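# Just the structure for this:
(one chain, ligands or ions: 4)
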Amino acid sequence: MSLTYSAERQVAVAAVRRACALTSSVFNKLVRNETLTKDDKSPVTVGDFAAQAVVNTILSRTFPHDPIVGEEDSNDLRADTGVSLRERVVALANESLTAPLQPGEDESWGVGPTQQRTTEDLLAAIDRGNYEGGRSGRMWTLDPIDGTKGFLRGEQYAVCLALIVDARVELGVIGCPNLPSPDGTRGAIFVATRGHGAFQLPLAPAESLATDERGERLRIPAFTPETLNLLESVEKAHAKLSFNEKVARLLGVTRPPTRMDSQAKYAALARGDGGVYLRMPVGTGYKEKIWDHAPGSVLVEEAGGIVSDSRGRPLDFGLGRTLGENFGVVAAGKEVHAKVIEAIQRAKEEEAKEEGQ
Ligand SMILES: Nc1ncnc2c1ncn2[C@@H]1O[C@H](COP(=O)(O)OS(=O)(=O)O)[C@@H](OP(=O)(O)O)[C@H]1O
Ligand SMILES: [Mg+2]
Ligand SMILES: [Mg+2]
Ligand SMILES: [Mg+2]
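Ligands and ions are numbered 1, 2, ... in the order given. Predicted structure coming up:
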């Protein structure tokens, strides 16, 4: 029987909840000069930095020997030009860390009213995310805001955290503050532990829920070509959407695709809101990052699905900070997954013929 990682699960859920509260409040107050453009031209906001500082602070207090592969680093905040940004990140992170103890939280985690941190503490916490990853040992991977562009548009984004042990994702937590539910409310947390199922929990902790908080179990439902739809990126630079169209046609899909940013796509798949997550490389040599797929992959697998590259091979979380050469990502329920891999092969043949003409 696989380990339950119950302490890790409890801490990870609490850390993601605090980070979700932080990012939601940042969105409402965000001003234009609080966003930077990174070297790879992607945006990063005070929310990304502060959320990484909060989650890493909690992880470092509770699991001091665990390395962290986090998306952000503190270089831009330490630069002379980063003074106002830095002050804002420190204020936001401290506001989050000093908020009252929530149900299921423990003061020894470094949260609660007396837990004010210095600027250097928080910048160092962000840089705890600089681990290179690799094949062996325990490590966490964090995307403090996945889908920053979606976050800036007021659409979907996710706070994503996973525990990887010897290159296998054992625990995944995805906080989706903007994800709509059928009852008209917004926001949910998704959590999966390898061998122990995938669950949806409320975004805010309920009274009296502690270590054994389980939530609603998720199972990917069966689909027919009539009910099937594709979950895909919003940003055209992130996935080859023209290829998705071919695959959808070959599968006989009639419903239009659902476009959403971030690992909210994996969460939507796990709870049956969509049938296939398909992400094909655009051909620029971009390597997918482990924090963009680790929590989503265990969530979908524990909901009964399969996550692979476009050739049907497993994603390799033991290569470092990236998944290596990019063969795309396909996630779906078991029956649908096999059909999608087959359709991808046929779509590639079609594409080769078209290019040969
Ligand atoms: N060229 C390219 N190809 C593939 N993926 C890329 C590329 N550039 C960036 N990224 C990563 O995409 C992450 C968000 O992408 P999503 O597909 O989930 O959302 S989106 O609809 O595309 O915005 C996004 O995550 P965040 O940086 O956390 O927002 C990036 O890690
Ligand atoms: Mg980013
Ligand atoms: Mg991301
Ligand atoms: Mg991010």
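# so Ala21 touches Ala99, yeah?
Yes. Applying C-beta atoms under 8 Å, one finds Ala21 in contact with Ala99, separated by 7.4 Å. C-beta here means a position set from N, CA and C on the backbone, and glycine is covered the same way.
# For the residue of the stretch 1-150 of the chain found nearest ligand 3, give its distance to Gln156.
Here the stretch 1-150 of the chain gets closest to ligand 3 at one residue, Asp146, 3.6 Å apart by C-beta to the ion. Distance, Asp146 to Gln156, by C-beta to C-beta, to the nearest Å: 9 Å.
# that's a helix at Thr57, yeah?
Yes. According to DSSP: H, G, I helix; E, B strand; the rest coil, Thr57 belongs to a helix.
# Would you state the predicted confidence (pLDDT) at Thr35?
Note on Thr35: pLDDT of 89.
# can you list the weak-confidence ranges in the stretch 251-357 of the chain?
Along the stretch 251-357 of the chain, segments meeting pLDDT under 70 are nowhere present.
# Nearest to ligand 3: which residue in it?
Taking C-beta to the ion, the stretch 251-357 of the chain has Asp292 as its residue nearest ligand 3, at 4.3 Å.
# who touches that residue in this structure?
With contact taken as C-beta atoms under 8 Å, 6 or more residues apart in numbering, Asp292 is in contact with 143, 146, 160, 263.
# follow-up on the earlier one: what touches both of Asp146 and Gln156?
261-262.
# Neighbour count: the two, which is higher?
Asp146 (29 against 24; other C-beta atoms under 10 Å).
# Run a quick neighbour tally on Pro256.
9.
# ok, the nearest residue to it once chain neighbours are set aside to ligand 1 distance?
Using C-beta to C-beta, 6 or more residues apart in numbering and skipping residues adjacent in sequence, the residue nearest Pro256 is Asn229, 7.1 Å away. Distance of Asn229 to ligand 1, given as C-beta to the nearest ligand atom, to the nearest Å: 16 Å.
# you'd agree Asn229 is up against Gly274?
Yes. The pair Asn229 / Gly274 is scored as a contact, 5.4 Å apart, by C-beta under 8 Å.
# Quickly list what's touching both of these two.
With C-beta under 8 Å, 6+ apart, Asn229 and Gly274 have common neighbours Thr258.
# Have a look at the two and say which one is more surrounded.
Gly274 (25 against 18).
# Any chance of the contacts of Asp292 in a markdown table with secondary structure as columns?
Putting the contacts of Asp292 into a markdown table (three-state DSSP) gives the following:
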| residue | secondary structure |
| --- | --- |
| Asp143 | strand |
| Asp146 | strand |
| Cys160 | strand |
| Gln263 | coil |
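# would TSV of the residues you listed with distance to Glu95 be doable?
Shown next, in TSV, are the contacts of Asp292 (distance: C-beta to C-beta, whole Å):
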residue	distance to Glu95
Asp143	21
Asp146	22
Cys160	22
Gln263	25
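# Grab the two from the residues you listed that are most spread out in space.
Asp143 and Gln263 (7.5 Å; C-beta to C-beta).
# Mutual contacts of the two, please.
158, 160, 292.
# shouldn't the residue of the stretch 1-150 of the chain closest to ligand 3 be in contact with Ser262?
Yes. If you go by C-beta under 8 Å, Asp146 and Ser262 touch, sitting 4.3 Å apart.
# overlap in contacts of the two?
157-158, 160.
# and the stretch 101-250 of the chain, which residues reach ligand 2?
Neighbours of ligand 2 within the stretch 101-250 of the chain, by C-beta under 5 Å from the ion: Thr148.
# which residues are in contact with stretch 91-106?
10, 13-14, 17-19, 21-22, 26, 46-47, 50, 53-54, 57-58, 107, 110-117, 122, 125, 205-211, 213.
# Of these, which count as buried by neighbour count?
10, 13-14, 17-19, 21-22, 26, 46-47, 50, 53-54, 57-58, 110-112, 115, 117, 122, 125, 205, 209, 213 (16 or more other C-beta atoms under 10 Å).
# Tell me which of those fall in helices.
Of the buried ones among the contacts of stretch 91-106, the ones assigned to helices by DSSP state H are 10, 13-14, 17-19, 21-22, 26, 46-47, 50, 53-54, 57-58, 122, 125.
# Also near ligand 3: which of those, exactly?
Among those, no residue is within reach of ligand 3 (C-beta under 5 Å from the ion).
# Return the residues in contact with Asp127.
Residues in contact with Asp127 (C-beta under 8 Å, 6+ apart) are 73-74.
# cool, Lys38 as well?
44, 76.
# Check what pLDDT it gets.
The model's pLDDT for Lys38 equals 94.
# ok, now the one 10 residues further on?
pLDDT, Asp48: 98.
# Pretty sure it sits against Thr148.
Yes. The pair Asp48 / Thr148 is scored as a contact, 6.1 Å apart, by C-beta under 8 Å.
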